[in-house]
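K.L.:
quick one, structure for this:
(chains A and B)
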2 protein chains.
Amino acid sequence: MGGFKHLVVVKFKEDVVVEAILKGMEKLASEVDAVKSFEWGQDIESPEMLRQGYTHAFLMTFEKKEDYTAFTSHPSHIEFSATFVTAIDKFVVLDFPSVLAKSPA
Amino acid sequence: MGGFKHLVVVKFKEDVVVEAILKGMEKLASEVDAVKSFEWGQDIESPEMLRQGYTHAFLMTFEKKEDYTAFTSHPSHIEFSATFVTAIDKFVVLDFPSVLAKSPA
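P.N.:
From the prediction side, this is the model:
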């Protein structure tokens, strides 16, 4: 894939309807052209020792860092983020140019 | 991409030669066929409040969960992991079937 990645790993608060958050994030990714791809996953099976309480990973890919920077100030992102932060117990965010060390065949 | 993902987010110990670890991980990914793709990145620019001290993300993709499970018991993985755990200060590991919500064009 390469590109510039926006990775968000979270633990949601207990009373949160995760499906509604996911729908909001999929809508956000779909309506902002700068988001080239978006994938996510849930892990509630791995040992707590590995997950450290985190349950979801979200990964957005942009063509370049400037596109990600523009995305952060997009009205849809600002609106979604305001809701998102109220739903999470803890999070880790990493933004980085991806090094594709082994390409998909 | 889809597939089954093995995501590792880490903060290395201060005296670690990260380049050596990266080389070891790239070697591991390249020599195990079950690893379909491997990408990683470093973020030392984002605010500490977002990164929570973490600096690197590693993402391996497998065709299916069973391939990942087999990978965890592969001798090369076991050998590498033994070295890897001594090099990290803290980590989060999430393993999940990836939901590709927006595909690369």
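
K.L.:
list the contacts for residue A:80?
P.N.:
With contact taken as CB atoms under 8 Å, 6 or more residues apart in numbering or on different chains, residue A:80 is in contact with A:24-25, A:28. To be clear about C-beta, it is placed using only N, CA and C from the backbone, and glycine gets the same treatment.

K.L.:
for residue B:93, state which of those is nearest.
P.N.:
residue A:25 (22.0 Å; CB to CB).

K.L.:
center of chain A, which residue is that?
P.N.:
Note on chain A: the residue nearest the mean C-alpha position is residue A:58, at 3.0 Å, using CA atoms, centre = their mean.

K.L.:
just to revisit the earlier point, inside helices: which ones of the contacts of residue A:80?
P.N.:
Among the contacts of residue A:80, the members found in helices (DSSP state H) are A:24-25, A:28.

K.L.:
can you tell me which of these is closest to residue B:19?
P.N.:
residue A:25 (34.6 Å).

K.L.:
count the neighbours of the closest one for me.
P.N.:
20 (other CB atoms under 10 Å in any protein chain shown).

K.L.:
so for it, what's the pLDDT?
P.N.:
At residue A:25, the model reports a pLDDT of 97.

K.L.:
likewise residue A:84?
P.N.:
pLDDT recorded at residue A:84 is 96.

K.L.:
wait, doesn't it sit right on residue A:22?
P.N.:
No: using CB atoms under 8 Å as the test, residue A:84 is too far from residue A:22 to be in contact (10.8 Å).

K.L.:
rebuild the contacts of residue A:80 as CSV, extending it with distance to chain B.
P.N.:
Below are the contacts of residue A:80 laid out as CSV (distance: CB to the nearest CB, whole Å):
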residue, distance to chain B
A:24, 12
A:25, 8
A:28, 10
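
K.L.:
how about these in JSON lines, adding distance to residue B:74?
P.N.:
Listed next are these as JSON lines, based on distance: CB to CB, whole Å:
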{"residue": "A:24", "distance to residue B:74": "39"}
{"residue": "A:25", "distance to residue B:74": "34"}
{"residue": "A:28", "distance to residue B:74": "38"}
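
K.L.:
thinking again about what came up before, quick one, which of residue A:84 and residue A:22 is more surrounded?
P.N.:
residue A:84 (19 against 16).

K.L.:
can you pull the contacts of the closest residue in space to the more buried one that isn't next to it in sequence?
P.N.:
Take residue A:84 and drop its neighbours on the chain: the residue closest to it by CB to CB, 6 or more residues apart in numbering or on different chains is residue A:21, 6.6 Å away. Residue A:21 is in contact with A:12, A:83-84, A:87, counting by CB under 8 Å, 6+ apart.

K.L.:
show me the contacts for residue A:103.
P.N.:
Counting by CB under 8 Å, 6+ apart, residue A:103 makes contact with residue B:37.
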